[in-house]
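[1] Got a predicted structure here, sequence first:
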Amino acid sequence: MTAREDTPAAPAQDDVIKALSQELIARAHGGGAEPEVPLEETEAFKQFAASARAQAPQVPGRAAGNPADPATQVDYDGVIDEIVAETPQDMAPVGNVEAICPYCNTHLKSKPLKKKKCPKCRNEIQVTRRPTDGLRVLATDEQVDLLEVQAYIESGEYEKQIWLLKERMKRVGASGEKYWRCDAGIDARSVPVEAFYMHGKVVAVGSPEERDALAVLCIPRCIGMPVPFHGDPRFETMDDYYTSQRYERALEVYQTLPKSRKNSEYARELRRILG
């Protein structure tokens, strides 16, 4: 028997994802194959992390003994201002002022004062105030998210978010490092799909992918930030940590999606992340 025949075949990626999903779900209900062992040390997670690393593109200059070239000088204030100018900030009024279901447009007997199910489509109608005019409106779950973004922008919090990001990126530029890692803030209450894809990515200063990472950090209400990355192989286990965060958070968000969003594009993207 050859050495190749002696080596057990690597499990298929679908099997790896299925095993980790089962472990996560079991742990959420107080069980799991090894409940006393941290998730990162379980066999299911180790196989998943190895599979993820095998598919990840290699970042040049990360090997030990390969000194990084001087970092490209980037005008982060200018780049971030350009991204903010391109970031959708729709302040148009949304929701129904009249007693009309925002899901199926059914006329209701009266305008509810708190959330209730539509008698026709059975979706839960949300009742909230619009920040643009202060009117009480009936809204869908997705419209509530948009109204919260509008309130965030209206309050001036978005300006603070962008100012803080600029200050952090100035420190990245001043450090002289060639790479940084994107913590995309997936612990936030609302997490865009783009944040899941970018979370934990190591990006090169001045690269197109860096602009993609900054675009995520410029999304209103994003709580993410740039994280220093020095290219030391001793810290490569951090990749597994971010992989775990992405998967666990995507599963958590998907499981808590309201009924009205289970068939949305957002839900489909989450299912794609979860395999």
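    Everything's here; your move.
[2] need the strands for the stretch 151-275 of the chain, in chain order.
    Taking DSSP state E, counting those that start in this stretch as the criterion, the stretch 151-275 of the chain carries its strands at 179-183, 202-204, 225-228.
[3] and the shortest one, what other elements does it pack with?
    Spelled out, that is strand 202-204. strand 179-183, helix 208-217 (3 or more Cβ pairs under 8 Å, 6 or more residues apart in numbering; DSSP states H and E). The C-beta positions use only the backbone N, C-alpha and C, and glycine is treated the same way.
[4] Please work out which of the ones you listed is packed deepest.
    Using mean count of other Cβ atoms under 10 Å, the stretch among these with the largest mean neighbour count is strand 179-183, at a mean of 23.
[5] So what touches that one?
    Taking contacts as Cβ atoms under 8 Å, 6 or more residues apart in numbering, the residues outside strand 179-183 that touch it are 59, 61-62, 68, 172, 198-205, 210, 213, 216-217, 224-229, 231, 238, 242.
[6] Out of those, which end up buried?
    59, 62, 68, 172, 198-205, 210, 213, 216-217, 224-226, 229, 231, 242 (16 or more other Cβ atoms under 10 Å).
[7] Going along the chain, name the helices of the stretch 51-200 of the chain.
    The residue ranges that make up the helices of the stretch 51-200 of the chain, judged by DSSP state H, counting those that start in this stretch, are 76-86, 141-154, 157-175, 193-198.
[8] Can you get me a residue count around Arg272?
    Residue neighbour count, defined by other Cβ atoms under 10 Å, stands at 12 for Arg272.
[9] can you pull the pLDDT of it?
    At Arg272 the predicted local distance difference test score is 90.
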